[in-house]
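> Quick check, what structure comes out for this input:
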Amino acid sequence: MVALFPTSGVIDEELQVGRLNEIEGLTASALAGENRSIAAPRRVGKSSLIGAALKRILHHPDEKRTALSVDLRDGVSSSADLAVELLNQARQQRAGGRRAAIKRLAQRAQDAAQATAKLDLAKMAEDLDADEVSAALQGLVAALRDGRASLHEVLKILDEFGRGKDRPTIIFIDEVQETGRWPDGDVVVAEIAVAAKRAGSAISFVLTGSEVSTVKALFEGPDAPLMGVLRPLPLPGIDDEVWHEGLTTRYGSCGLRIEREEIRAILTVSDGHPLKTMLICREILDWLLPGDNAVSEAAVKQAIGTARANPAWGQL
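Model prediction:
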């Protein structure tokens, strides 16, 4: 029963409440090659929204796309790190055609940066195992530590592959405001702008961030580096009626009833925040008495108290 009320991590689509329209809208926009942005506070469901759209895209029966997703809080701190992550994900999704792309990337990068690392381009085009390919790419990026050349070349290769194979690439970047803390963060924004604006580009981007003003500064205003590149996707609050339907169904699957008054009490405290709401709902399960077949007012009051005392509450 606890699994029905998730309070952390990326939440599967079937466990999200009130986000179907946004999931469908983002999926359709991404498949259409549109560049979108989502600016909203932490823990309101941005990453879960991305995860649901990504899963739909990768399993779409008709539309074939390469879809890559990078969370910039997860061990990524430079344009070179971002390039490596994109390459590794793209390599895993492209069993066919990957070697030619790697060969072209290596040749271009060597030409652009005059890398001293010895790279056997002929060998890279052969049937290498995943570890060997990853090692070669890691060595390549290490030789291009300034970051600009590597990210530029990676995006260019993804673009060329998408055009040649008629399989565009969609790149989801979560917590994009983190680039502002990188020594070469401006390189990332600049390269995104170049790739997105390129005529006939086979790459599109979905950028999200929880520092709302910082993210909006990337695409709002005459001096914004991504002005005219990204179209905002609103992430509205969840309507009380949607919550009522979702929680009634969820508790019903546990053999429990919950009345409108109890749901209203929960939402008054959580203010409709998805994870705060789920935290209270999860705590309620611990306060039900044996034999209860309905969520009582007393259980809700106790659950609100324990939820607010939980250290996680202040982090949501």
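> which SS class is Arg73?
Following DSSP: H, G, I helix; E, B strand; the rest coil, Arg73 is assigned to coil.
> Measure how buried it is and give me the count.
Per other Cβ atoms under 10 Å, the neighbour tally for Arg73 reads 12. (Glycine included, C-beta is placed from N, CA and C.)
> can you check Val84 too?
Look at Val84: counted by other Cβ under 10 Å, it has 21 neighbours.
> which stretch of helix or strand covers it?
Applying DSSP states H and E as the criterion places Val84 in helix 79-93.
> Helices along the stretch 151-300 of the chain, start to end?
Assigned by DSSP state H, counting those that start in this stretch, the helices in the stretch 151-300 of the chain fall at 185-197, 212-219, 240-252, 260-270, 274-287, 297-309.
> same deal with the stretch 1-150 of the chain?
Along the stretch 1-150 of the chain, counting by DSSP H, counting those that start in this stretch, helices occupy 20-31, 46-58, 79-93, 98-113, 121-124, 130-142, 148-165.
> ok, of the ones you listed, where does mean pLDDT dip lowest?
Here the lowest mean pLDDT among these goes to helix 121-124, at a mean of 40.
> my guess is Gly255 meets Asn293, correct?
Yes. Taking Cβ atoms under 8 Å as the definition, Gly255 is a contact partner of Asn293 at 6.5 Å.
> quick revisit: Glu14: which of the helices of the stretch 151-300 of the chain is closest?
Minimum separation from Glu14 across those (Cβ to Cβ) falls at helix 240-252, 10.8 Å.
> any idea of the mean pLDDT in that closest one?
Averaging pLDDT along helix 240-252 gives 96.
> elements contacting that helix?
Judged by 3 or more Cβ pairs under 8 Å, 6 or more residues apart in numbering; DSSP states H and E, the packing partners of helix 240-252 are helix 260-270, helix 274-287.
> Just the buried positions in the helix holding Val84, please.
79-91 (16 or more other Cβ atoms under 10 Å).
> what angle do that helix and helix 148-165 make?
Angle, helix 79-93 to helix 148-165, by axes from the mean of the first three to the mean of the last three Cα atoms, to 10 degrees: 30 degrees.
> What is the neighbour count of Gly255?
By the measure other Cβ under 10 Å, the count of residues near Gly255 is 10.
> before we move on, what about the one 3 residues further on?
By the other Cβ under 10 Å criterion, the neighbourhood of Ile258 contains 23 residues.
> same thing with Val206?
Other residues within reach of Val206 by the criterion other Cβ under 10 Å amount to 26.
> Val176 is in contact with that one, correct?
No. With contacts counted by Cβ under 8 Å, Val206 stays clear of Val176, the gap being 9.8 Å.
> Break this structure into its domains for me.
Domains of the chain are assigned by automatic domain parsing as 2-8+238-315, 19-232.
> So for stretch 290-298, what gets flagged as buried?
By 16+ other Cβ under 10 Å, the buried positions in stretch 290-298 come out as 295-296.
> For the stretch 151-300 of the chain, give me the ranges with low pLDDT.
Low-confidence segments of the stretch 151-300 of the chain (pLDDT under 70): none present.
> Swap in 90 and give it another go.
By pLDDT under 90, the low-scoring segments of the stretch 151-300 of the chain are 151-167, 199, 219-223, 228.
> Looking at the buried residues of helix 79-93, which is nearest Gly221?
Relative to Gly221, the closest of those is Ser79; by Cβ to Cβ it sits at 23.6 Å.
> gap between that closest one and Asn88?
In this view, Ser79 and Asn88 are 15 Å apart by Cβ to Cβ, to the nearest Å.
> export the helices of the stretch 151-300 of the chain to JSON lines and tack on distance to Ser37?
As requested, the helices of the stretch 151-300 of the chain are arranged in JSON lines below (distance: least, Cβ to Cβ, whole Å):
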{"stretch": "helix 185-197", "distance to Ser37": "11"}
{"stretch": "helix 212-219", "distance to Ser37": "6"}
{"stretch": "helix 240-252", "distance to Ser37": "24"}
{"stretch": "helix 260-270", "distance to Ser37": "26"}
{"stretch": "helix 274-287", "distance to Ser37": "20"}
{"stretch": "helix 297-309", "distance to Ser37": "32"}
